[in-house]
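Novice: coordinates only, sequence not included:
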């Protein structure tokens, strides 16, 4: 059983290629971009501007193929792809939380973008702490690296195989 | 441009129909379920068991069609569908954060399930506070309802049109 999705719009960012891209929105906290929603879906944005943060669910459209075990940018060891946010995954779906600065019709101005310019957008959901904030007891291989992630940039390790961010 | 995804497995939960389902994982915090990953993708789970919380990205497979403006279960007013987590959306993609209790081969035992039994799973990502916890300044129409959401159950409002949770 397969499911086919059509973009509801696209994301405009300063990033034309993977080089120098932040590896997470938290590393791109000051980077502004915009979300252009197709006119056909514009009505679905009503009241979204009253949320300060939103999820963007999108396609890693430049990601080709996948490996089940990968060496993430942030670590020297290999891990299962589902224990990472690597873009080359069986279903190349990206998930980022961004700050919503404002809405002008079907254009959203957002802050904290970490995806390539032109990324096809599949869905938007409101970010709500009551649903989305959890006290964790373990963050696996990211235990030692998560504190430093805000300032790290991607290297060119994956540039030839997939021009996308490596998370 | 469309994108076609194939499930990597499915989610087993106690919920055969929408009636009595929690409306969010936070309302289903004690409800256990399991995730069965297809053997072909099992290697991709390596080290996932070292994370206490994970994202499940899945298909609202029983959701048919959509409306751009909806009256969520939690409110009396209508809002744009992208300002809600309603399952009937242009691309019926679901997103839940669950607690990972353990992994036994390609089976994950999880806690906090809020989706129908048999839900097709598209992706798993680790939940990492450094990436995923934000201080919000506004949660829109959910401002007054988010405190009560942990104990609310869905009603039958959407049962005939789509047997899925209403978020």
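Specialist: Looks like it came in fine. Because the structure is a prediction, the values reported are computed rather than measured. Numbering: from 1, shown residues only, chains lettered A, B, ... in the order given.

Novice: Number of residues surrounding residue A:2?
Specialist: Burial of residue A:2 is recorded as 9 neighbouring residues (other Cβ atoms under 10 Å in any protein chain shown). All C-beta atoms are positioned from the backbone trio N, CA, C, and that covers glycine.

Novice: thought it was touching residue B:4?
Specialist: Yes - assessed by Cβ atoms under 8 Å, residue A:2 is found in contact with residue B:4 at 5.1 Å.

Novice: Which strand in chain A has the most residues?
Specialist: Of all the elements of type strand in chain A, the one with the most residues (DSSP state E) is strand A:93-104.

Novice: That strand packs against which elements?
Specialist: strand A:53-59, strand A:107-111, strand B:53-59, strand B:119-126 (3 or more Cβ pairs under 8 Å, 6 or more residues apart in numbering or on different chains; DSSP states H and E).

Novice: Tell me which of these approaches residue A:81 most closely.
Specialist: Among those, strand B:119-126 comes nearest to residue A:81, with 9.0 Å by Cβ to Cβ.

Novice: any idea of the mean pLDDT for that closest one?
Specialist: Strand B:119-126 carries an average pLDDT of 98.

Novice: Name all residues that make contact with the residue of chain A most remote from its centre.
Specialist: Centroid-distance maximum for chain A: residue A:1 at 25.8 Å, with Cα atoms, centre = their mean. Applying Cβ atoms under 8 Å, 6 or more residues apart in numbering or on different chains, we find residue A:1 in contact with B:6-7, B:120.

Novice: likewise residue A:68?
Specialist: Here residue A:68 is in contact with A:80-81, B:41, B:43-44 (Cβ under 8 Å, 6+ apart).

Novice: just residue A:109 next, same as before
Specialist: By Cβ under 8 Å, 6+ apart, the neighbours of residue A:109 are A:32-34, A:100-103.

Novice: ok, and the closest non-adjacent residue to it?
Specialist: residue A:101 (4.3 Å; Cβ to Cβ, 6 or more residues apart in numbering or on different chains).

Novice: Verify the contact between the one you found and residue A:30 for me.
Specialist: No - look at residue A:101 against residue A:30 with Cβ under 8 Å: they stay out of range, at 11.7 Å.

Novice: and for these two, which residues touch both?
Specialist: residue A:111.

Novice: Compare these two (neighbour count), which wins?
Specialist: Taking other Cβ under 10 Å, residue A:101 and residue A:30 do not tie; residue A:101 has more neighbours (14 against 9).

Novice: Under the pLDDT cut-off, which ranges of chain A? List them.
Specialist: A:23-27, A:146-167 (pLDDT under 70).

Novice: residue boundaries of the strands in it?
Specialist: Ranges of strands within chain A are A:3-5, A:9-12, A:32-37, A:53-59, A:69-70, A:79-80, A:93-104, A:107-111, A:119-126, based on DSSP E.

Novice: Could you please name the strands the first one pairs with and the direction of each pair?
Specialist: Sheet pairing of strand A:3-5 (DSSP bridges) gives strand B:3-5 (antiparallel).

Novice: Mind listing what's buried along the strand it pairs with?
Specialist: B:3, B:5 (16 or more other Cβ atoms under 10 Å in any protein chain shown).

Novice: now it, how far from the chain's geometric center?
Specialist: Strand B:3-5 sits 19 Å away from the centroid of its parent chain (Cα atoms, centre = their mean, to the nearest Å).

Novice: Verify the contact between residue A:121 and residue A:12 for me.
Specialist: No - under the criterion of Cβ under 8 Å, residue A:121 is not in contact with residue A:12, lying 10.4 Å apart.

Novice: Could you count how many residues lie near residue A:117?
Specialist: Other residues lying near residue A:117 total 14 when counted by other Cβ under 10 Å.

Novice: meant to ask about residue A:69, not that
Specialist: 16.

Novice: Residue A:105 now?
Specialist: Around residue A:105 there are 10 residues (other Cβ under 10 Å).
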